[in-house]
Every structure is written in C-alpha cells, then in structure tokens.
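S.K.: Give me a 3D structure for the following:
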Amino acid sequence: MTQYLDAALSAARAAGESLRKNFQQPLRINSAEAHDIKLEIDVQTQELIADLLLSEFPQHALYGEEGIVGDQSATYQWVVDPIDGTVNYYYGIPHFCISIALRRDKEVIVGVIYDPMRDEMWSGLKGAAPTLNGKSFRVSTRTALSEAVLSVGLSKTGHTISAALPVLQDMVKRARKCRLLGSAALDMAYVACGRFDAYIEQSISLWDVAAGTLLVETAGGKIEMQPRTDMKDKYSIIASNGVIELGSDL
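M.R.: Numbers count the residues shown, from 1 in each chain. I've put the predicted structure just below:
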C-alpha cells in the first residue's frame, strides 16, 4: 500500500503549495449559503488532486466534495476534501487542510491530512502506526472529561445546529475547554495525535472524516460513526481517545 500512500502525500503537497500561493489573494466565489462558501479554488484544487491520483491509478474512482470521477463501484475509491475549512480560507484564517483517503471495498486503507500553513502532514496506513511529519504519534490518555479539550462541530443546517447546541452547552460546562476551529479533518487529526481528546459532530460528509477515521484508529483511538437516516450521505461521528468518559446520551 505504500505506493498509494506516496501518491496521496505527493498530491496533498501539490495541493498545499497551490493553496499557500493563493492564500489571502482575491478569490472567486462559486456559491454562498448561510453557513458555507464554495470557491472556484475548491474545484481547481480537487481537479489537481484527481489528475495526480487518477493518472497514476486510472482504474480507481474519486469521490470528493467537488464531484465524482470514475466508476464509484470500483474496488479502490479516493475520498477527497480539497479544502476542509473553506470559510476559514476565504476569510484569511490560516486553519484549513487537504484530506485524502483511499478506500478498498469501502474500507479506508490510506489516510493523509495536510495543513499547508503549518506544514504538518499526518499520514497513515491500515495496520501501521500513523506519523506526523515522519514521527509516530498516539491519542491522548486522559480519562476525565474535566481535564479534556474537545471539539463540538456545528453543522451547516438549522436543524443540525439546533441539535448540536445542547451538546456544546453540556460539554462547555463539563470539559476543560471546547474548541470550534472550522475544519473537521484537522479536528480528527488533532484527536489522533493527542491535542484534542474528542471530536463530536451531528452531521458530516464522508470526505471530511474518511482520512481522519484511519488516523484516529491506528493511533489507538475510537470512532463511532453512523449514517443519518434523515440526511443523504451524512453521518454523525464521535472520534475520541477511546478512554475519555463523554457520557451515554450523545
């Protein structure tokens, strides 16, 4: 699987270089919603990643935030978020990343998350210890919520925001600190390497978390991820160090 990981790393770095070059430059908006923005550079970055990966592996498919390429029933499927944290990127907040995962028969076997502004590259292979810039890492060992730092995501619809607010209110009172940083993939990476103890989200897309699920699990953490029955292609997720006591009502 190292050939797949090497390809993902190269694609992430190429995308990161482009995003750094265009950061805080004039950006064209393709669409704007109440809680989200879609940029032309989102599309361009996914096209760059798709070209790099599928030119090397033409029998593979790609499933991304900006569209799909190839036969989605193929054995190998790349799952890509070209800019996770687009609103941050647009507003000049240097907290965003590229997320690239590879699934084989729906199982994630490669995961890469790259923060181009901090030059931090998380990478993992199924069955192997993950690394951050070449150094292995593990999830945190904190068990007490009162000592924990965690992220509670606020999704993009009124319904899911309303559902998430009570969770956030509860965790703000019980945890040491809650953070809402605007990038689900980086939240997952932070759980994996022990910066966060947990990440909770009511509604998220596969491309936001596919790479992160592999990183958290191979770092010793736990993923609880369920498809939402009321929203197509959306999931609820709890990513944690596996020992933190979050409560049974989430």
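S.K.: how's the protein carved up into domains?
M.R.: Per the record, the chain has its domains at 2-136, 145-240, by automatic domain parsing.
S.K.: distance between the ends of stretch 214-226?
M.R.: Stretch 214-226 has an end-to-end distance of 16 Å (C-alpha to C-alpha, to the nearest Å).
S.K.: So in terms of bridging, what pairs with residue 102?
M.R.: residue 78, residue 110 (DSSP bridges).
S.K.: middle-most residue in the protein, spatially?
M.R.: Centroid-nearest residue in the chain: residue 185, 2.1 Å away (criterion: C-alpha atoms, centre = their mean).
S.K.: Look up how far residue 83 lies from that one.
M.R.: Look at residue 185 and residue 83: by C-beta to C-beta, to the nearest Å, they are 10 Å apart. Every residue, glycine included, has its C-beta placed from N, CA and C.
S.K.: a helix runs through residue 188, doesn't it?
M.R.: Yes: under DSSP: H, G, I helix; E, B strand; the rest coil, residue 188 sits within a helix.
S.K.: Please renumber the chain so that the first residue is 47 from this point on.
M.R.: Renumbered: residue one is now 47, and that last one reads residue 234.
S.K.: Who are the packing partners of the lowest-mean-pLDDT helix or strand in the chain?
M.R.: When each helix and strand of the chain is scored by mean pLDDT, DSSP states H and E, strand 75-79 comes last, with a mean of 82. Counting contacts by 3 or more C-beta pairs under 8 Å, 6 or more residues apart in numbering; DSSP states H and E, strand 75-79 packs against strand 82-85, helix 86-102.
S.K.: now this protein, which segments are flagged as low pLDDT?
M.R.: Residues of the chain meeting the criterion pLDDT under 70: 80, 204, 294-296.
S.K.: Would you map the helices across it?
M.R.: Under the criterion DSSP state H, the chain carries helices at the ranges 48-68, 86-102, 132-136, 204-220, 230-238, 252-264.
S.K.: Run through the residues that contact residue 266.
M.R.: Shown in contact with residue 266 (C-beta atoms under 8 Å, 6 or more residues apart in numbering): 184-185, 287-288.
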